[in-house]
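Student: Predicted model and sequence follow; I will ask about them next.
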Amino acid sequence: MKNIILVGFMGTGKTTIAFELSHRLNMRYISTDDLIEKREKCTINEIFTKKGEDYFRSVEAMVVRDACSMEGVIIDLGGGAVIRDENWEMIKSSGLSICLTADENTIMERTKKYKHRPLLNVEDPKQKIRNLIAKRAPFYAKADHCVDTGKLTVKQAVEKIVGIFENITKKAGTK
């Protein structure tokens, strides 16, 4: 069975939707951020602070490879994992990639209460969101499908993804 890999900017609902999707499809849920923290025995924020983003991205690439080598799982990828081509090679070979999106106001609202977001611990987080989304847009565009979660409930987003997955699974079965 193929994997479903959720990509997208922080605050688009990847973790919540992946978790619910795993229950709906009876598939195991994997969070690359959780795997990184387990592997490094510290938080992502601490990794960024103590060892820097380059180190974090290297560890993230190893974890993405490990997660994508599994089968029948829902993978919640960290928002910046898409910036490395090696990660995209793993994502594409692993299953169905779906990019979750939302507008910058929705993302700001969803992330403002979280201090564990190292890339948003800046003076103007909204501008940072705008810049990062623009920088990552070409990478997010590599996903097989896109779902805008900005105006959807979690249940609606899950149903939309299930529909995409079932449609692809049916097509693959008829070939």
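Tutor: That came in fine, so what should we check first? Numbering: from 1, shown residues only.
Student: So which bits of the lowest-mean-pLDDT helix or strand in the chain are buried?
Tutor: Within the chain, no helix or strand scores below helix 104-111, which has a mean of 87 by mean pLDDT, DSSP states H and E. Buried positions in helix 104-111, judged by neighbour count with 16 or more other C-beta atoms under 10 Å: 104, 106-108, 110-111. All C-beta spots, glycine's among them, are computed from the backbone N, C-alpha and C.
Student: ok, how many other residues are close to Gly112?
Tutor: Small correction: residue 112 is Lys, not Gly. 13 (other C-beta atoms under 10 Å).
Student: ok, it - contacts?
Tutor: Pro125 (C-beta atoms under 8 Å, 6 or more residues apart in numbering).
Student: For it, give me the pLDDT.
Tutor: Among the per-residue scores, Lys112 shows a pLDDT of 76.
Student: Which residues does the nearest residue to Ala143 once chain neighbours are set aside form beta bridges with?
Tutor: In space, and not counting its chain neighbours, Ala143 is closest to Cys99: 3.7 Å by C-beta to C-beta, 6 or more residues apart in numbering. Beta-bridge partners recorded for Cys99 (DSSP bridges): Val7, Cys146.
Student: count of residues packed around Cys99?
Tutor: 25.
Student: wait, doesn't it sit right on Ile5?
Tutor: No: using C-beta atoms under 8 Å, Cys99 is not in contact with Ile5; the gap is 9.6 Å.
Student: Can you show me the helices along this structure?
Tutor: Counting by DSSP state H, the chain has helices at residues 14-25, 32-40, 44-68, 85-94, 104-111, 125-140, 154-174.
Student: Tell me the buried residues in the third one?
Tutor: For helix 44-68, the neighbour count (16+ other C-beta under 10 Å) marks 44, 47-48, 56, 59-61, 63-64, 67-68 as buried.
Student: Low-confidence stretches in the chain?
Tutor: 1, 114-121, 174-175 (pLDDT under 70).
Student: where do the contact lists of Cys99 and Ile5 overlap?
Tutor: With C-beta under 8 Å, 6+ apart, Cys99 and Ile5 have no common neighbours.
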